[in-house]
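Asks: predicted model and sequence below, questions to follow.
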Amino acid sequence: MTEEPGTGAAPTADYSDYYDIYESEIGALCGDVNTQAFSKVLVPILYSTVLIVGLLGNAVVLCVLIRSRHRCSLTDVCLLNLAVSDLLFLASLPVWTHSAVDEWVLGTFVCHTVTGLFTTGLYSSVFFMVLVTLDRYVIVVYKHSICSRKRPAKVALVLFVWMLSLFASLPNIVFAEVKEETSLKASCRPDFPEGAAWMSFTYLNVLSLILPLIIMSFCFCRILRKSEGKQSVVRLLLAVLAVYFFFWTPYNIVTFLEFLQTKGHLLSCEWHTGLTLAKQCVEAIALSHCCLNPIIYACAGQKFRRVLKEQLPSCFSRHTTCSPPESGSSEYSSTLIA
């Protein structure tokens, strides 16, 4: 840009177009050989393993809890719905596996659907963990449950959590689009309007990580100080929560770094290649979480193992029978898992 005659003003230049080109072309300029190799070789193997283990494990958990539904506490109801949340993740795995190997060819509708399964599964998982933590907190500290013994109250609470999870997922579902990346490979991802991207990333980190971590940390601090005697349920829930945050925190961190990249930061070739590979790794780690809860129950839940031995043979029979309630057990404090 040249100086106008007679103005005496210093020459200025507008480099916004340059930065726009840089952001759009950086992926093409930087080599993505490592990320493509990871997507085409390791991701299908990992997701296939997770799919098989997750389907078997969560199906067993559902079978045990549904067949014993007449003596399920609110904790068991929440763990049952955690299994359903994991199955939502598992339903999306074949599609994500295909898109990792090849470009997205399934259209916009499937893109919206799979994004909905992923985000609804994520939010419902953490919301049900918050609910079961709050219930344990009220039981230990105030000696009663946050939900009455009657089944309609439990059903209403569960439906509220699912509706809240779906509402939290709506932005990602609505703005999910099939877009051609810089590598000329079409993919399904949210494409938020200008100025709204920060809201989505903040939304994700606050609702699925920061706020639940604060609430559950407070509850467990009080629970561990107040609880007396046997603490098997508390230990089991601590294991479930620790595994969740261990597997999902890297995903939230990388997602936040991606947001910074959309705002014009971290645009070097090293950052682009590193974040692209990191996003695929943390997504694989996060999705692997959906097969771990049944393993935790089997390892840490003595009662779950006993009930499993009693119920598993009849899960595959045509006739179903409901187990009678345990004598002298309290519906508020007892659980079928621990």
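Replies: That came through fine. Because the structure is predicted, anything quoted here is derived from the model rather than measured.
Asks: since we're on Leu267, how many residues are nearby?
Replies: 14 (other Cβ atoms under 10 Å). For the C-beta atoms, the positions are set from N, CA and C on the backbone; glycine is no exception.
Asks: buried residues in the strand or helix carrying Pro250?
Replies: Using DSSP states H and E, Pro250 sits in helix 232-262. Using 16 or more other Cβ atoms under 10 Å as the test for burial, helix 232-262 gives 233-234, 236-241, 244, 247-252, 254-255, 257-259, 261.
Asks: one more: stretch 193-211?
Replies: The neighbour-count check on stretch 193-211 (16+ other Cβ under 10 Å) flags Ala197, Ser200, Phe201, Leu204, Asn205, Leu207, Ser208, Leu209 as buried.
Asks: coming back round to it: mean confidence score for the helix holding Pro250?
Replies: Helix 232-262 shows a mean pLDDT of 86.
Asks: now that helix, how far from the centre of its chain.
Replies: 9 Å (Cα atoms, centre = their mean, to the nearest Å).
Asks: packing partners of that helix?
Replies: Applying 3 or more Cβ pairs under 8 Å, 6 or more residues apart in numbering; DSSP states H and E, one finds that helix 232-262 contacts helix 74-101, helix 107-142, helix 197-205, helix 211-226, helix 269-288, helix 293-300.
Asks: mean pLDDT lowest for which of those?
Replies: When the helices and strands packed on helix 232-262 are ranked by mean pLDDT, helix 197-205 comes last with a mean of 74.
Asks: and it, what does it pack against?
Replies: Applying 3+ Cβ pairs under 8 Å, 6+ apart, one finds that helix 197-205 contacts helix 151-174, helix 232-262.
Asks: wait, which of the helices and strands packed on helix 232-262 is closest to Leu51?
Replies: The minimum distance between Leu51 and these falls on helix 74-101, with 5.0 Å, by Cβ to Cβ.
Asks: direction included, what does the helix or strand containing Lys179 pair against?
Replies: Under the criterion of DSSP H and E, Lys179 resides in strand 176-180. Sheet pairing here is set by DSSP bridges, and for strand 176-180 it gives strand 186-190 (antiparallel).
Asks: just how off-centre is the partner strand within its chain?
Replies: Between the centre of strand 186-190 and the centre of its chain there are 18 Å (Cα atoms, centre = their mean).
Asks: just stretch 116-123 next, same as before
Replies: With Cα atoms, centre = their mean, you get 6 Å for stretch 116-123.
Asks: for Leu90, give its distance to Glu103.
Replies: 23 Å (Cβ to Cβ, to the nearest Å).
Asks: the more surrounded of these two?
Replies: Just comparing Leu90 and Glu103: by other Cβ under 10 Å the higher neighbour count belongs to Leu90, 23 against 14.
Asks: quick check: that one touching Val53?
Replies: No: taking contacts as Cβ atoms under 8 Å, Leu90 lies outside contact range of Val53: 9.6 Å.
Asks: got any residues that touch both of these two?
Replies: Both Leu90 and Val53 are contacted by Cys291, under the criterion Cβ atoms under 8 Å, 6 or more residues apart in numbering.
Asks: quick revisit: buried sites along the strand holding Lys179?
Replies: Ala176, Val178.
Asks: could you number the chain from 14 rather than 1 from now on?
Replies: Renumbered: residue one is now 14, and that last one reads strand 189-193.
Asks: got the angle for that strand vs helix 87-114?
Replies: Orientation of strand 189-193 against helix 87-114 (axes from the mean of the first three to the mean of the last three Cα atoms, to 10 degrees) gives an angle of 20 degrees.
Asks: export strand 189-193 to CSV, keeping only CA atoms.
Replies: Presented in CSV, the C-alpha positions along strand 189-193 are these (Å, rounded to 0.1, in the frame of the first residue of the first chain):
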residue,chain,number,x,y,z
ALA,A,189,-22.0,-30.3,12.4
GLU,A,190,-21.1,-30.2,8.7
VAL,A,191,-19.2,-32.2,6.2
LYS,A,192,-16.2,-30.0,5.2
GLU,A,193,-13.2,-30.5,3.0
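Asks: who's in contact with that strand?
Replies: Here strand 189-193 has contacts from Trp117, Gly120, Thr121, Cys124, His125, Thr128, Ala199, Ser200, Cys201, Arg202, Pro203, Asp204, using Cβ under 8 Å, 6+ apart.
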